[in-house]
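Asker: the sequence and its predicted three-dimensional model are supplied below.
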Amino acid sequence: MKIYRGNIIFTKQKDSFEVFEHGCVAVENGRVVAVAPNMDPWKGQDAEVVDFGDHLLIPAMSDMHVHAPQYRNQAIGMDLELLPWLENYTFPEEAKYADTSYAERMYRRFVRDLWRFGSMRVAAFATIHLDSTRLLMNIFREAGMGAFVGKVDMDRNCPDTLCETVEEAVRGNEALIAEFKDPNALVKPIITPRFIPSCTPPMLKACGELAQKHQLPVQSHLSENTSEIAWVSELEPESRNYGDAYNRYGLFGQTPTIMAHCVWTQGEELELIKRNGVVVAHCPTSNFNLSSGMIPIRTFLDMGVKVGLGSDISGGHDLSMLRMMVYAIQVSKMHYQRDKTKRFLSLSEAFWLATKSGGSFFGKVGSFEPGYEFDALVVDDADLNHSDYSPLHRLERFIYLGDDRQIIHRFCRGQEIPEPRIQ
Ligand code: GUN
Ligand code: FE
């Protein structure tokens, strides 16, 4: 057993923080055994103590929606809305991932930078390319970080270089599923139809069947942009709404499912999300940059809809989940500015979204309650902590002002994770 000491902060529930000033967290076999304000529970026991002194000790964060092959486009091409943005910037970049040496160069940097910012678990889109998707999975595995990685499936409304037949897509997925089949592994496949406009009905059907057959999770995009939604209603006239279109193909909570954005989700679609236990990946920076809209986050939370936060690189420009919490709070403040009956997001809610709520997609991840996997960050905020701030105010300053420079140790499943090499 190891006992880590520091200023421990985490959220059991969204409305409040648990704070243990100079507290202890005991870890065995990668999981938290207990948290306590002092060493009393372990008096006389044989345990290795690692004392982080006055540093903050918090759960690591989960990025619930990110496109690994869009990393080169980060902070480029912010002048278009979703559909022309995909055509002009995104598809040409993703087509380059047919070349595995290009993919390796970019993917190594991408994973290293996730590490830098303390995102120890991610749900990532790759591209249609089997070899570079496998490469990304192996880079995560080598790093010791947790990831669901999706080989993207698409067979319409895309350049020829990014189009596959249904048979090719199924074969590619089956190959990865066979190679990454350990259910306890940190890196696992996830079925990833890009979105309805990119997938014909036979492709969507095949994706649903793959998820069912192998009991694998699903990730896609939903109700991000008004032009996209109008297009989907033309493409899927039989469906009651965009979410229902996925539902008809077994891609909407039949196995654990993440739907990114859901900016315009309401009414029956929202009811279906709730009923099917679909997880919403809220991507506030992307929604700003692509001018997509403002999510009604309070309605989602009040209904008990599951929500996590995503960077959505490169619709989003920022990989930092710290900043994602800030953006989520800020957009909720703007959204509810005209409706004072609804509360904007609190700091503890934003932190809970980035840690425990998002982390739940990966298992018992994102908290320091007993039984949780020890995914943690040690934060040396001496450069930000220049007054007599309380631990909670220190955390708030770190979320608003901090970056990778303050994160001095990162743990995933109990293991300290060294900086991944980039070549
Ligand atoms: N919808 C379909 N593909 C994408 C993508 O790559 N990024 C975003 N933000 N939305 C999408
Ligand atoms: Fe996306």
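Answerer: Perfect, thanks for sending it. Ligands and ions are numbered 1, 2, ... in the order given.

Asker: how far away is Ala98 from ligand 1?
Answerer: Remark: distance between Ala98 and ligand 1 (CB to the nearest ligand atom, to the nearest Å) = 17 Å. Placement of C-beta: from N, CA and C, glycine included.

Asker: begin at 57 from now on, thanks
Answerer: All set: I'll call the first residue 57, so the last point we hit is now Ala154.

Asker: count of neighbours near that residue?
Answerer: Neighbours of Ala154 under the rule other CB atoms under 10 Å: 15.

Asker: same check, this time on Arg168
Answerer: That count, for Arg168 with other CB under 10 Å as the rule, works out to 15.

Asker: distance check, the nearest residue to it once chain neighbours are set aside against ligand 2.
Answerer: Spatial nearest neighbour of Arg168, chain neighbours left out: Pro476 (4.7 Å); criterion: CB to CB, 6 or more residues apart in numbering. Going from Pro476 to ligand 2 by CB to the ion, to the nearest Å gives 23 Å.

Asker: from ligand 1, how far off is Pro476?
Answerer: 24 Å.

Asker: that residue contacts Arg164, correct?
Answerer: Yes - in this structure, Pro476 is within contact of Arg164 by CB atoms under 8 Å, at 7.0 Å.

Asker: mutual contacts of these two, please.
Answerer: Ile195 (CB atoms under 8 Å, 6 or more residues apart in numbering).

Asker: that's a strand at Val122, yeah?
Answerer: Yes - according to DSSP: H, G, I helix; E, B strand; the rest coil, the state of Val122 is that of a strand.

Asker: pull the number of nearby residues for it.
Answerer: By other CB under 10 Å, 27 other residues sit near Val122.

Asker: show me what contacts it?
Answerer: Here Val122 is in contact with Leu170, Val178, Ala179, Ala180, Phe181, Gly366, Ser367, Asp368, Ile369, Leu375 (CB under 8 Å, 6+ apart).

Asker: near ligand 2, which residues of the stretch 307-456 of the chain are found?
Answerer: Counting by CB under 5 Å from the ion, the stretch 307-456 of the chain comes close to ligand 2 at Ala316, Asp368.

Asker: residues in contact with whatever residue of the stretch 307-456 of the chain ends up closest to ligand 1?
Answerer: Proximity of the stretch 307-456 of the chain to ligand 1 (CB to the nearest ligand atom) peaks at Gly371, 3.3 Å away. If you count contacts by CB under 8 Å, 6+ apart, Gly371 has them with His123, Gln126, Leu138, Trp141, Cys339, Thr341, Ser342, Asn345, Leu346, Ser348.

Asker: you'd agree the first one is up against Phe181?
Answerer: The one in question is His123. Yes - between His123 and Phe181 a contact is recorded at 4.6 Å, counting by CB under 8 Å.

Asker: nearest residue to Ser423 other than its sequence neighbours?
Answerer: Spatial nearest neighbour of Ser423, excluding adjacent residues (CB to CB, 6+ apart): Lys412 at 4.5 Å.

Asker: now the one you found: phi and psi?
Answerer: The phi/psi pair for Lys412 (degrees, to the nearest 10) reads phi -70, psi -40.

Asker: tally of neighbours for it?
Answerer: For Lys412, the neighbour count with other CB under 10 Å is 24.

Asker: could you do Glu224 as well?
Answerer: Residues near Glu224, counting by other CB under 10 Å, number 14.

Asker: which strand or helix spans it?
Answerer: Here Glu224 is covered by helix 222-235, with elements defined by DSSP states H and E.
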